[in-house]
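Participant: The following block contains a protein sequence and its predicted model.
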Amino acid sequence: MSSSRPGQRLALVGCGAIGSLVAELLEKKKSSFKVTALYDARLEAAQVLSKKLKSKPKVCRSLFEIFSHCDWVLEAASVKAALPTAEASLRKRKPLVMMSTGAFLLHQKQLTKLAKKYKTKIYLPSGALCGLDGLKAARQIGAIKSISITSTKPPRGFAGAPGLTSAQKRALEKNKSAFYLYQGDVWGAIKRFPANVNVAATTAIASGQPEMLKVRVVADPKATMNQHEIHAEGDFGELTAITRNRPSKMNPRTSALAIQAALALFERLESYVEVGN
Ligand SMILES: NC(=O)c1ccc[n+]([C@@H]2O[C@H](COP(=O)([O-])OP(=O)(O)OC[C@H]3O[C@@H](n4cnc5c(N)ncnc54)[C@H](O)[C@@H]3O)[C@@H](O)[C@H]2O)c1
């Protein structure tokens with residue numbers, strides 16, 4: 001499919017590593033999703049991206065301005081920005097692709113209620129992960145009895161995380177071997193490492209049992225990839241899914257696969273054949 005169809009105008013909220021590459025690649029692929037509006041808290045980021053794109057999307061000065069120029073919204077900003085973006089998009093009946101899945105988990109009831117009220121869908125891409133198809137199938141009949149995710153990244157991937165203690169900051173600079181930064185539930189992980197554990201939030205949502213998920217966050221000075229390992233056991237059997245991702249060049253916290261997962265979602269949305277559940 002090529003050229004833009006009515007109803008496929010896409011606004012980006014967040015023009016960083018994910019937003020800018022998704023926009024450029026949608027254009028390169030001649031997707032029917034055409035980026036028509038950009039909003040970023042750093043105006044310059046939106047201006048730079050707009051110049052790069054042939055579609056010359058409108059650079060908006062506020063979140064609310066985007067809604068006159070789009071049919072769909074891609075949130076690729078932050079866990080903090082995702083809630084107001086999602087609420088406004090749903091109220092305007094604009095389907096929303098949400099990268100900051102941690103925000104969805106924190107406000108799941110409220111956002112699901114709004115989505116139903118305005119009959120507008122929220123899409124949570126698989127992001128930097130594989131294995132979610134298996135988890136979603138596993139919970140259809142019988143119970144998942146245990147589930148964990150261990151995310152391991154090079155130390156530079158945790159720079160600026162709000163939950164780092166002073167000792168952890170020192171360890172990130174000095175330690176020569178891998179160490180745990182966090183072990184606990186998914187809600188604590190999102191609060192302490194919001195830019196690193198969207199994968200844990202997505203896993204929790206896909207499993208349908210967020211309270212059961214054990215989250216481990218590891219800094220490994222020897223790591224060159226961002227690795228996520230999901231392990232689940234239940235009536236279905238046992239599942240282990242390991243993804244080793246190259247960090248994005250623009251943002252080492254983000255895996256390149258997360259960008260590609262958003263593209264795959266847009267491909268699925270415009271396709272007449274779907275593969276996988
Ligand atoms: N679901 C996943 O698997 C997955 C994987 C990687 C990243 N993420 C999440 O996706 C989001 C985007 O990631 P990224 O790597 O592109 O980040 P990035 O830091 O490279 O870019 C984020 C952009 O959003 C802008 N921004 C921040 N707050 C804003 C606000 N309130 N309104 C408008 N713009 C705002 C920033 O200025 C920046 O340009 C992050 O929340 C990240 O944690 C999810």
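Facilitator: Yes, it's here. For clarity, every value in this text was computed on a predicted model and none was experimentally measured.
Participant: Spell out which residues of the protein are next to the ligand.
Facilitator: Residues of the chain lying close to the ligand (C-beta under 6 Å from any ligand atom) are 13-19, 39-42, 45, 76-79, 81, 99-101, 127-128, 195, 198-199, 202, 250-251, 254, 258. To be clear about C-beta, it is placed using only N, CA and C from the backbone, and glycine gets the same treatment.
Participant: max-length helix in this protein?
Facilitator: Longest helix in the chain, counting residues (DSSP state H): helix 256-270.
Participant: tell me the contacts of the spatially most central residue of the chain?
Facilitator: Nearest to the mean C-alpha position of the chain, by C-alpha atoms, centre = their mean, lies residue 99 at 2.8 Å. Listed by C-beta atoms under 8 Å, 6 or more residues apart in numbering, the contact set of residue 99 reads 14, 18, 74, 75, 76, 82, 125, 127, 198, 258, 262.
Participant: what's the answer for residue 94, then?
Facilitator: For residue 94, counting by C-beta under 8 Å, 6+ apart, the contacting residues are 11, 67, 70, 71, 72, 73, 120.
Participant: cool, and residue 222?
Facilitator: 177, 178.
Participant: With residue 53 instead?
Facilitator: 23, 24, 27, 35.
Participant: distance between the ends of stretch 159-169?
Facilitator: 8 Å (C-alpha to C-alpha, to the nearest Å).
Participant: Tally up the residues packed near residue 55, please.
Facilitator: 15 (other C-beta atoms under 10 Å).
Participant: Can you pull the phi/psi pair for it?
Facilitator: Note on residue 55: backbone dihedrals following degrees, to the nearest 10 are phi -70, psi -10.
Participant: Per-residue pLDDT of it, please?
Facilitator: Turning to residue 55, the model gives it a pLDDT of 93.
Participant: can you check residue 1 too?
Facilitator: 42.
Participant: same question, residue 168
Facilitator: pLDDT, residue 168: 96.
Participant: How many residues are close by it?
Facilitator: 19.
Participant: One more: residue 119?
Facilitator: Neighbours around residue 119, by other C-beta under 10 Å: 8.
Participant: can you tell me which residues contact it?
Facilitator: Per C-beta under 8 Å, 6+ apart, neighbours of residue 119: residue 93.
Participant: And it, which helix or strand is it part of?
Facilitator: Here residue 119 sits in a region with no helix or strand, counting by DSSP states H and E.
Participant: Go through the contacts of residue 94 and flag which are in strands.
Facilitator: Per DSSP state E, strands hold the following members of the contacts of residue 94: 11, 72, 73.
Participant: Counting neighbours, which of those comes out on top?
Facilitator: Most surrounded of the ones in strands among the contacts of residue 94: other C-beta under 10 Å gives residue 11, at 28 neighbours.
Participant: contacting residues for whichever residue of the stretch 101-250 of the chain sits closest to the ligand?
Facilitator: The ligand sits closest to residue 127 of the stretch 101-250 of the chain, with a gap of 1.9 Å, by C-beta to the nearest ligand atom. Residue 127 is in contact with 99, 101, 198, 199, 202, 255, 257, 258, 261, 262, counting by C-beta under 8 Å, 6+ apart.
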